[in-house]
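Asker: whatever this is, show me its structure:
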Amino acid sequence: MIPIELPPINCTWLYDMTDDTGILQHAKSSIGDRREGYTTDDNARALLATLRYHELQDGEKNLGLVRTYLGFLLYVQKKDGRLHNLIGYDHSFFDEKSSDDSIGRVLWACGYSQDTSIPEDVRMAAIEIFDRSLIWALDSSSPRAQALTILGLYHYAKAFPEDENPQLNVIHLADRLCELFRQTSTPTWQWFEPYITYANPRLPHALFRAYQVTGRKDYLRIAERTLKFLAANDIVKGTYQPVGNQSWYKKGGKKALYDQQPLEASCMVEAASIAYQVTGKKMYSKMAWTAFAWYLGKNSNGVMVYNPVTGGTYDGISARGLNQNQGAEAGLSYLLARLEMEVLSKHESQNSLR
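Answerer: Just a heads-up that it's a prediction; the model follows:
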């Protein structure tokens, strides 16, 4: 384990960025920028984060936030189950429909809600959203939408063990991810696509969950191979350096170092933590601690990405330094990572007593 002290969980920023509609997308410094409105992506992340906080910290006071974010998702869902993603401050829609990845994020949050102790009326609203949107994700060709949907189905399957449909849907999606891996991977490129872009650890993360649902060893093997491949590329001399979004990382090319995004560190923390919980292998817990340390200054620039004063998180690291804005994606990425570190720490303590 990397010897770093976990900061106290601070939700002040979350309240500051949330109004009675939902969480604002962007910020100027730490101030929510109402001109930019809201996104379904961010409100799905916020719903997941507040649900997790409720379960881990007995956060009854956060139930109001859960209802706000869930109400936002109900508002943006269309009759056919698809969703708008870009919403103005005046509640107008800026797009006709959301991306498949957005649907996957909504399914993860709403699926997770079924595996919690929140009031039944809240869970009923969430399951209505889930059931209406699932069909679009099952038919999606986006690997990340498939992965995010598996994460939601994992919790749905836990909540309703008598229902065989969640497991069948997990198999449908996990088989498609595995087929992508078999088509693309080589001995030196253990990945699902011929490029590495954003939210990369979500893909092995989903296969670890698929293994937990089904017991299929091929899911576990590919999950481990791909997570190790990512870590080998992203952890340099003990420092987490995720692929930058300037030009990503194409097979046979050179990995972009900047701009590094808080989302990527969060995805690695969550994937590596689940890998440790599934396998018990300490190398995965070390990966999670290394990725989390990125927020606290152990990164290529040696800068604090998490702001302990506001509770927010800077939007990324560029070659010039920090992006000084503290928007929703960055802050929610940190919060989800910090909550996962709480779970990981408990599992490490339990394993040390065995």
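
Asker: so, low pLDDT: which residues of the stretch 1-150 of the chain?
Answerer: 1-3, 58-59 (pLDDT under 70).

Asker: now do the helices in it.
Answerer: With DSSP state H, counting those that start in this stretch as the criterion, the stretch 1-150 of the chain has helices at 12-17, 40-57, 63-76, 100-113, 120-138, 143-159.

Asker: from the contact counts, what lies against the third one?
Answerer: Okay, so that is helix 63-76. Packing partners of helix 63-76 (3 or more C-beta pairs under 8 Å, 6 or more residues apart in numbering; DSSP states H and E): helix 40-57, helix 100-113, helix 120-138. (C-beta placed from N, C-alpha, C; glycine too.)

Asker: go through those helices and pick out the most buried.
Answerer: helix 100-113 (a mean of 27; mean count of other C-beta atoms under 10 Å).

Asker: buried residues in the biggest helix by length in the chain?
Answerer: When the chain is scanned for its longest helix (criterion: DSSP state H), the result is helix 328-352. Using 16 or more other C-beta atoms under 10 Å as the test for burial, helix 328-352 gives 328-341, 343-345, 348.

Asker: who are the contact partners of residue 302?
Answerer: For residue 302, the contact set (C-beta atoms under 8 Å, 6 or more residues apart in numbering) is empty.

Asker: ramachandran angles for it?
Answerer: Dihedral pair for residue 302: phi 70, psi 40, per degrees, to the nearest 10.

Asker: equivalent analysis for the one 5 residues further on, please.
Answerer: For residue 307, the backbone dihedrals (degrees, to the nearest 10) come out as phi -110, psi 100.

Asker: how close does it sit to residue 322?
Answerer: 10 Å (C-beta to C-beta, to the nearest Å).

Asker: joint contacts of these two?
Answerer: In contact with both residue 307 and residue 322: residue 314, using C-beta under 8 Å, 6+ apart.

Asker: out of the helices of the stretch 1-150 of the chain, flag the one nearest residue 194.
Answerer: helix 143-159 (12.1 Å; C-beta to C-beta).

Asker: tell me which other helices or strands that closest one touches.
Answerer: Under the contact rule (3+ C-beta pairs under 8 Å, 6+ apart), helix 143-159 is packed against helix 100-113, helix 120-138, helix 165-184, helix 202-214.

Asker: list the buried residues of it.
Answerer: 143-157, 159.

Asker: quick check, nearest of those to residue 256?
Answerer: Nearest member of the buried residues of helix 143-159 to residue 256, counting by C-beta to C-beta, is residue 144, at 18.6 Å.

Asker: what sits against the closest residue to that closest one other than its chain neighbours?
Answerer: What sits nearest to residue 144 in space, not counting adjacent residues and going by C-beta to C-beta, 6 or more residues apart in numbering, is residue 101, at 5.0 Å. By C-beta under 8 Å, 6+ apart, the contact set of residue 101 is 41, 142, 144-145, 148.

Asker: ok, which pair from those is furthest apart?
Answerer: Going by C-beta to C-beta, the pair spanning the contacts of residue 101 furthest: 41 and 142, at 13.4 Å.

Asker: chain center to stretch 320-328, what's the gap?
Answerer: 19 Å (C-alpha atoms, centre = their mean, to the nearest Å).

Asker: let me see the mean pLDDT of it.
Answerer: For stretch 320-328, mean pLDDT rounds to 96.

Asker: between the two ends of that stretch, how far is it?
Answerer: With C-alpha to C-alpha, to the nearest Å as the measure, the ends of stretch 320-328 fall 22 Å from one another.

Asker: contacts for it?
Answerer: 13, 17, 23-30, 39, 42, 45-46, 259, 301, 303, 305, 307, 310, 312-317.

Asker: also stretch 171-190?
Answerer: By C-beta under 8 Å, 6+ apart, stretch 171-190 touches 137-138, 143, 146-147, 149-150, 153, 191-194, 203, 206-207, 210, 214, 216, 218-219, 222, 225-226, 228-229, 251.

Asker: one more time with 7 Å
Answerer: For stretch 171-190, the surrounding residues in contact (C-beta atoms under 7 Å, 6 or more residues apart in numbering) are 138, 143, 146-147, 149-150, 191-194, 203, 206-207, 210, 214, 218-219, 222, 225-226, 229, 251.

Asker: with stretch 193-206 instead?
Answerer: So stretch 193-206 is in contact with 143-144, 147-148, 150-151, 177, 180, 184, 192, 223, 226-227, 230, 243, 245, 248-251, 263-264, 267-268, 270-271, 274, going by C-beta under 7 Å, 6+ apart.
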